[in-house]
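Structure for this input, please:
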Amino acid sequence: MFLQINIRGIQTCPAKCFLSFSLSWFIAQFSFTLPPFLPSRVCLTFAMLLHYLWLCIFSWSSILSFDLVKSLNACSKTLKREFKNNSLFVKYCIVGWGLPLLIVGLSNVLEISLSTFTLQYGARNICWIGNSDALLLAYILPASTFLFFNMICLAVSLHGLEIAKRNSRNLQKTRKDRQRWLMYLQMFFLCGGCWIFAYVANNVSLLWMHTLNLILNGSQGVFILIMTTRDSKVKRWIRIKMKCLEPDNSNTSQSNSGGGTISTKL
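Numbering: from 1, shown residues only. The predicted structure follows:
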C-alpha cells in the first residue's frame, strides 16, 4: 500500500481500486492474527467480521476486472468520460464494500429464519464459519461467483488488448495495458488458487497439506509485493531511493583532499 500511494498515486480510478483491494487484503490477513488474543465471547462477532472482510477481497478483485474491461473499451466515449469522474469510484465503493455486507446480512437472516441453516460463527473457539454447509453457501459460492466473473472479464479484456494491438499506433500504451492485465491475472489466480487449496486442505487430514496451506495463505501479502515491484515505475522509484541512501562520494573525496592539503602544509 505504501508503494501504491507513493509511486502510482491515488488520483486515478484503477489505482484507487487496487489500493482498496490491498487494504481489504491487509486488514483481513492482519485480523487472522488477533483471535488468539481475544476473549471467547468476542469470537462470534469477530468471525462475522472476517467473513465480511474476505468477501471484500473477492468483490474488489471483481471490480478491478470490470474496470480493466471498461478502460480498454476505446469505442465508448461515455465510459471514457465516466472513467475520469470521481463518482465512478464512489459507485465502485458501494459495490466493493456493500455487496459483501449484503451477503453477510442475508446469511444471518437465513440463520434466524431457517432452523436447518446455521452459520455457527465461533464454533469450537474458531473465529470463522463453523458449519461446512453454511461455509459452502455463504462464502465459497459467492467467492467462486466472483472468481468466475473475474475470468470472464479477463478473457474479454485480453480480446480487447489484441484488437487494440492491431488497430492502435501507440504500442507503448498497449504494452502497459498488457502488463496491467498480466498483473491482474497473477493476482486473481493467487486469490482463487490459495483459497481452493485451503478448502481442500481443511477437508483432508494430511499434515503437509495443512502446513503448505498456512505457508501459501500466510505469504499472500509477500506475493502481492513481488507483483507490485515488477512494475517499471516501482523499480525506478526504488533505484532513486537507494541512490539517496548512498553516501555522497564527491563530498567524501573533497574532505579527504582537503585534509591531505592541510597535512601537507603542516
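
Now name the helix or strand holding residue 210.
Following DSSP states H and E, one finds residue 210 within helix 207-218.

And the contacts of that helix?
Contacts with helix 207-218, where a contact means Cβ atoms under 8 Å, 6 or more residues apart in numbering, come from 29, 194, 195, 197, 198, 200, 201, 202. Placement of C-beta: from N, CA and C, glycine included.

Could you look up the SS state of the first one?
For residue 29, the secondary structure call by DSSP: H, G, I helix; E, B strand; the rest coil comes out as helix.

wait, doesn't it sit right on residue 220?
Yes: look at residue 29 against residue 220 with Cβ atoms under 8 Å: they come within range, at 6.7 Å.

Residue 121 contacts residue 130, correct?
Yes: if you go by Cβ under 8 Å, residue 121 and residue 130 touch, sitting 6.9 Å apart.

And those two? Which one has more around it.
Each of residue 121 and residue 130 has its neighbours counted (other Cβ atoms under 10 Å); residue 121 has more, 24 against 17.

List the residues that contact the residue lying closest to residue 54 once chain neighbours are set aside.
Distances taken as Cβ to Cβ, 6 or more residues apart in numbering place residue 28 nearest to residue 54, at 5.3 Å, with adjacent residues excluded. Residues near residue 28 by Cβ under 8 Å, 6+ apart: 50, 53, 54, 56, 57.

Residue 35 too?
By Cβ under 8 Å, 6+ apart, the contact set of residue 35 is 43, 46, 126, 127.

Apply 7 Å and report the result again.
Residue 35 makes contact with 43, 46, 127, according to Cβ atoms under 7 Å, 6 or more residues apart in numbering.

Can you add neighbour count and give these back as CSV?
Below are the contacts of residue 35 laid out as CSV (neighbours: other Cβ atoms under 10 Å):
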residue, neighbour count
43, 19
46, 18
127, 25
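
Which members of the residues you listed occur in strands, if any?
Among those, none falls in strands (DSSP state E).

Let's have these in a markdown table, adding distance to residue 70 and pLDDT.
A markdown table is the format used below for the contacts of residue 35 (distance: Cβ to Cβ, whole Å; pLDDT from 0 to 100):
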| residue | distance to residue 70 | pLDDT |
| --- | --- | --- |
| 43 | 40 | 86 |
| 46 | 36 | 90 |
| 127 | 37 | 86 |
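
Low-confidence bits of the stretch 101-250 of the chain, can you list those?
Across the stretch 101-250 of the chain, the ranges flagged by pLDDT under 70 are 164-181, 183-193, 195-196, 199, 218, 221, 227-238, 241, 246-250.

Repeat the analysis, applying 90 as the threshold.
For the stretch 101-250 of the chain, the stretches with pLDDT under 90 are 114-117, 120, 122-128, 130, 132-133, 135-136, 140, 143-144, 147-148, 150-250.

count of neighbours near residue 122?
When neighbours are defined as other Cβ under 10 Å, residue 122 has 22 of them.

isn't it right next to residue 45, touching?
No: when contacts are counted by Cβ atoms under 7 Å, residue 122 is not listed as touching residue 45 (8.2 Å).

Pull the helix holding residue 210 out as PDB, backbone CA atoms only.
Output of helix 207-218 as PDB, limited to C-alpha atoms (Å, rounded to 0.1, in the frame of the first residue of the first chain):
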ATOM      1  CA  LEU A 207      -0.200 -32.600   7.900                       C
ATOM      2  CA  TRP A 208       1.900 -31.500   4.900                       C
ATOM      3  CA  MET A 209      -1.200 -30.000   3.200                       C
ATOM      4  CA  HIS A 210      -2.100 -28.100   6.300                       C
ATOM      5  CA  THR A 211       1.500 -26.800   6.500                       C
ATOM      6  CA  LEU A 212       1.600 -25.800   2.900                       C
ATOM      7  CA  ASN A 213      -1.800 -24.100   3.200                       C
ATOM      8  CA  LEU A 214      -0.500 -22.000   6.100                       C
ATOM      9  CA  ILE A 215       2.600 -21.000   4.100                       C
ATOM     10  CA  LEU A 216       0.700 -20.100   0.900                       C
ATOM     11  CA  ASN A 217      -2.100 -18.200   2.600                       C
ATOM     12  CA  GLY A 218       0.200 -16.500   5.100                       C
END
